[in-house]
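# Provided below are the primary sequence and the corresponding predicted coordinates.
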Amino acid sequence: MNQLQDAKKRYEEIPIPDDLSVKVQEAIERSSQKRRENSRIIRAGYRRFLSRSLGTAAAAMIVFTTLLNTSTAFADTVSGLPVVGTVARLLTFRSYEKNEDDLKISVEIPSVEMIAEDTNGLEDSVNQEILERCQAYADEAVSRAEAYREAFLATGGTEEEWAAHNIQIRVWYELKSQSEDYLSFVVKGTENWSSAYNRACYYNLDLKNGTMVTLKDLLGDDYIQQADESIKKQMEERAAAENISFLSPEEGGFTGITAETPFYINESGNPVIVFEKYEIAPGSAGEIYFEIER
């Protein structure tokens with residue numbers, strides 16, 4: 001018998017332990033457990049890497065968005081804010097431009113991204129409201145412009161004359177202030193051929209409590225009296241210094257604020273009351289703002 005056959009015979013004669021299957025199963029389980037542990041470590045490392053990468057990209061997006069809407073000094077301030085606690089970012093959710101039938105349409109829709117896990121549904125409700133309002137305004141503005149174009153041409157206007165109108169529809173937003181406590185911004189819609197349809201919606205978010213901020217929250221229970229007195233005083237000062245002819249109450253001018261009076265929060269944390277064009281002064285004065293110191 002040659003060496004190969006001898007080796008084969010000795011191998012076949014080796015006794016097989018009764019607990020071999022158990023030992024094999026244990027070895028398989030140890031190997032599987034080790035693979036799972038290695039996979040967990042790899043995934044954890046990937047998540048840390050992804051978190052750092054997304055954090056860097058998000059920080060860059062904050063700076064980019066702020067540069068588009070505010071001063072360079074404020075952009076530098078915001079870019080330095082740590083992403084801790086209940087902090088929010090204002091980002092561009094959707095933007096597009098169109099040129100249709102000599103209509104120029106520019107839409108930039110914002111979206112709020114809150115870092116905290118529990119925001120009382122504020123993030124979702126605000127974003128949904130903004131999206132619906134922006135889309136509705138853009139659609140309605142286009143319909144109004146198309147009706148205007150049809151009427152213009154039907155009454156003898158030419159295509160060249162219509163093109164000279166340079167009709168522009170714009171939806172966009174402006175970041176007013178951002179801190180660890182508040183996020184304040186405005187979403188606007190304008191049609192350059194008719195200011196009657198211009199719209200502005202102000203959003204002031206309490207980032208710590210996940211709620212919308214009110215004037216009462218900022219100024220206290222006597223917010224109406226405090227704001228009214230400050231506005232009347234500032235109106236007198238501006239009438240003298242800036243020669244603004246404010247409308248009298250009888251002419252439909254200022255009679256006092258309400259809980260629905262629009263405002264935003266400035267970088268100092270003070271509310272700024274906003275009055276639309278023509279609301280309390282002639283159209284030449286444009287929008288008028290009054291900061292109410294806290």
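Cool, got the structure. This is a predicted model, so every value here is computed, not measured.

# Please count neighbours and contacts with C-alpha atoms only from this point.
OK.

# What are the contacting residues of the strand or helix carrying residue 236?
Using DSSP states H and E, residue 236 sits within helix 223-241. For helix 223-241, the surrounding residues in contact (C-alpha atoms under 8 Å, 6 or more residues apart in numbering) are 215-216, 219, 244-246, 256-258, 290, 292.

# Next step: the residues you listed restricted to helices.
Among the contacts of helix 223-241, the ones falling in helices (DSSP state H) are 215-216, 219.

# Now, of those, which are buried?
When the ones in helices among the contacts of helix 223-241 are checked for burial by 16 or more other C-alpha atoms under 10 Å, the buried set is 215, 219.

# what's the closest of the ones in helices among the contacts of helix 223-241 to residue 183?
For those, the residue nearest residue 183 by C-alpha to C-alpha is residue 215; the value is 14.5 Å.

# If we ignore the residues flanking it in sequence, what's nearest that closest one?
residue 223 (6.5 Å; C-alpha to C-alpha, 6 or more residues apart in numbering).

# what's the neighbour count on that neighbour?
20 (other C-alpha atoms under 10 Å).

# same check, this time on residue 172
19.

# now do residue 127
What residue 127 shows, counting by other C-alpha under 10 Å, is a neighbour count of 17.

# quick one: contacts for the closest residue to it other than its chain neighbours?
Closest residue in space to residue 127, ignoring its immediate chain neighbours: residue 111 at 5.6 Å, by C-alpha to C-alpha, 6+ apart. Contacts for residue 111 (C-alpha under 8 Å, 6+ apart) come out as 90-93, 127, 130.

# Show the end-to-end separation of stretch 216-224, please.
By C-alpha to C-alpha, to the nearest Å, the extent of stretch 216-224 from end to end equals 8 Å.

# Which helix or which strand is home to the residue lying closest to residue 192 once chain neighbours are set aside?
Excluding the flanking residues, the one nearest residue 192 by C-alpha to C-alpha, 6+ apart is residue 168, at 5.6 Å. In the assignment (DSSP H and E), residue 168 maps to strand 167-178.

# what sits up against that strand?
66, 69-70, 78, 90, 102-110, 134, 138, 141-142, 145, 183-193, 264-267.

# Mean pLDDT per helix and strand in this protein: which one sits at the bottom?
helix 72-79 (a mean of 40; mean pLDDT, DSSP states H and E).

# Output the below-cut-off pLDDT ranges for the stretch 51-200 of the chain.
51-86, 116-118 (pLDDT under 70).

# Can you tell me what sits against the helix or strand where residue 91 lies?
Using DSSP H and E, residue 91 sits within strand 88-100. Here strand 88-100 makes contact (C-alpha under 8 Å, 6+ apart) with 61-62, 65, 104-115, 175, 183, 207.
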